[in-house]
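Engineer: my questions are about this predicted structure, shown below with the sequence.
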Amino acid sequence: MGFKELLKAKSFNEYFDAKKDHQKMEEIKNRTQTDVLKNAGASLIPSSISNFGFKLSEDSISKGFEKKPLNDVTARLESGSELQARVTMTRLVALGVFAFAAKKKKGGEKYLTIEGPDFVWTAEVKRDKKDIDKAMKFINQVNTNSKIYSKPMQINSSTISIADELKKFKELLDSGAISQEEFEIQKAKLLK
């Protein structure tokens, strides 16, 4: 039980719980770098619920009772006229000939569009700045989570940079998990 396990843990609480439970500690020890990076990316982007009827989690998105994986999912904000003009194959499959016959939009409306390989969801966004900002933040979260979970991560030991390692040690120092002396020792090892 040491420093490597602390770095592989999802949180300090998980690490301290694992110190008491040998089986949990073994699970942490056996995590791959891919697992660690996925956990780090997921912790940066917490689950969130938008005001537009969508619920985003680490690896999926849902609307009502329908849940879809984030593989190859994109989110964007579109005007009504852009939405009307862009009839994609997915929309054609989902709506059939009605994709061409949908009511003409004025163009002033804004729509949050979530599109995946086999679905398209839209929700109207009010035209005020606060709602548009909220929609943009949600769009960024969806697209970031989708990038993390769409591609299998291929990582070798040189992928994690020295700067990333130093940052982790600095966070541990700031949180009180390691002393200044331990930080300096690890820093010296990395910079050799």
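Structural biologist: Received, thanks.
Engineer: this protein: strands as residue ranges?
Structural biologist: Secondary structure of the chain by DSSP state E: the strands cover 48-49, 54-56, 60-63, 66-69, 74-79, 110-116, 119-125.
Engineer: need these in a markdown table with distance to E5 and mean pLDDT, can you?
Structural biologist: Where you see a C-beta, it was placed from the backbone N, CA and C, and this is true even at glycine. Shown next, in a markdown table, are the strands of the chain (distance: least, CB to CB, whole Å; pLDDT from 0 to 100):
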| stretch | distance to E5 | mean pLDDT |
| --- | --- | --- |
| strand 48-49 | 30 | 59 |
| strand 54-56 | 30 | 88 |
| strand 60-63 | 29 | 89 |
| strand 66-69 | 30 | 90 |
| strand 74-79 | 36 | 88 |
| strand 110-116 | 37 | 88 |
| strand 119-125 | 40 | 88 |
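Engineer: low pLDDT regions in this protein?
Structural biologist: 1-3, 6, 12-13, 34-51, 83-108, 151-160 (pLDDT under 70).
Engineer: try it again with 50
Structural biologist: Counting by pLDDT under 50, the chain has low-confidence residues at 42-46, 104, 159.
Engineer: how does it divide into domains?
Structural biologist: 48-150, 161-192 (automatic domain parsing).
Engineer: circling back: may I see the strands of the chain organised as JSON lines, with mean neighbour count added?
Structural biologist: As requested, these are exported to JSON lines (neighbours: other CB atoms under 10 Å):
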{"stretch": "strand 48-49", "mean neighbour count": "13"}
{"stretch": "strand 54-56", "mean neighbour count": "19"}
{"stretch": "strand 60-63", "mean neighbour count": "18"}
{"stretch": "strand 66-69", "mean neighbour count": "12"}
{"stretch": "strand 74-79", "mean neighbour count": "18"}
{"stretch": "strand 110-116", "mean neighbour count": "20"}
{"stretch": "strand 119-125", "mean neighbour count": "17"}
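Engineer: dump the domains of the chain to a markdown table, plus distance to E26.
Structural biologist: Listed next are the domains of the chain as a markdown table, based on distance: least, CB to CB, whole Å:
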| stretch | distance to E26 |
| --- | --- |
| domain 48-150 | 24 |
| domain 161-192 | 21 |
